[in-house]
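Asks: below are the sequence and a predicted model; questions follow.
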Amino acid sequence: MNKVTQENVRELLRLYMEGVGTQKELKLLREYFNTASDLPADLVSYAQMFAIIDEETPVPSVEALNRFSEEQMPAPRRHILLWPLLAAACIAAFAFIILTPPKQKNDMAIAYVDGKMLNDKALAMQIGQEALQEIFSNGNEEQQLTDLFNAK
């Protein structure tokens with residue numbers, strides 16, 4: 001069987017698909033599908049399959065394969081030691097932030113007296129107590145408090 005014809009191509013395809021065909025039969029099938037014209041409809045898909053098989057696929061060079069394998073190799077062990085150190089540093093920073101009490105701002109006003117900001121809590125308490133003593137010492141506290149809070 002040196003030449004494949006439409007009559008025996010189906011038998012060769014059956015053997016090829018079952019995996020029992022020889023290299024010589026495979027070569028005959030390739031030649032047939034590369035040169036055949038007016039294929040029956042049931043053989044068109046096989047012609048397409050052999051065309052794909054016969055397409056040249058680029059084979060990477062040895063240098064390219066070596067370069068790829070070097071890029072995929074794991075990093076040296078010294079990089080592995082960085083992870084525990086980095087984790088310890090993160091834990092220490094987190095603990096410092098959480099455990100450090102917030103600073104009190106000194107520019108926060110405790111009270112305003114005559115339109116001026118007062119930061120000293122003790123002084124604010126003293127001025128407030130003096131103002132209340134003055135109100136309660138004069139009598140008529142209700143009228144004085146009303147005047148004080150409704151003043152414009």
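Replies: All right, it came through fine.
Asks: so where is this structure shaky, pLDDT-wise?
Replies: When the per-residue scores of the chain are filtered using pLDDT under 70, the ranges that remain are 1-2, 56-57, 71-81, 103-109, 151-152.
Asks: how is it divided into domains?
Replies: According to the domain assignment given by automatic domain parsing, the chain is divided into the following structural domains: 1-74, 111-150.
Asks: ok, which of those domains comes nearest residue 94?
Replies: Comparison of the domains of the chain against residue 94 by CB to CB identifies domain 1-74 as nearest, at 29.4 Å. Where C-beta positions appear, they are placed from N, C-alpha and C, glycine not excepted.
Asks: so which elements touch the helix or strand where residue 48 lies?
Replies: Element membership for residue 48, per DSSP states H and E: helix 41-54. Packed against helix 41-54, as judged by 3 or more CB pairs under 8 Å, 6 or more residues apart in numbering; DSSP states H and E, are the following elements: helix 6-18, helix 23-35.
Asks: mind putting those helices into TSV with distance to residue 125?
Replies: As requested, the helices and strands packed on helix 41-54 are arranged in TSV below (distance: least, CB to CB, whole Å):
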stretch	distance to residue 125
helix 6-18	100
helix 23-35	103
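Asks: kind regards, and thank you for your time.
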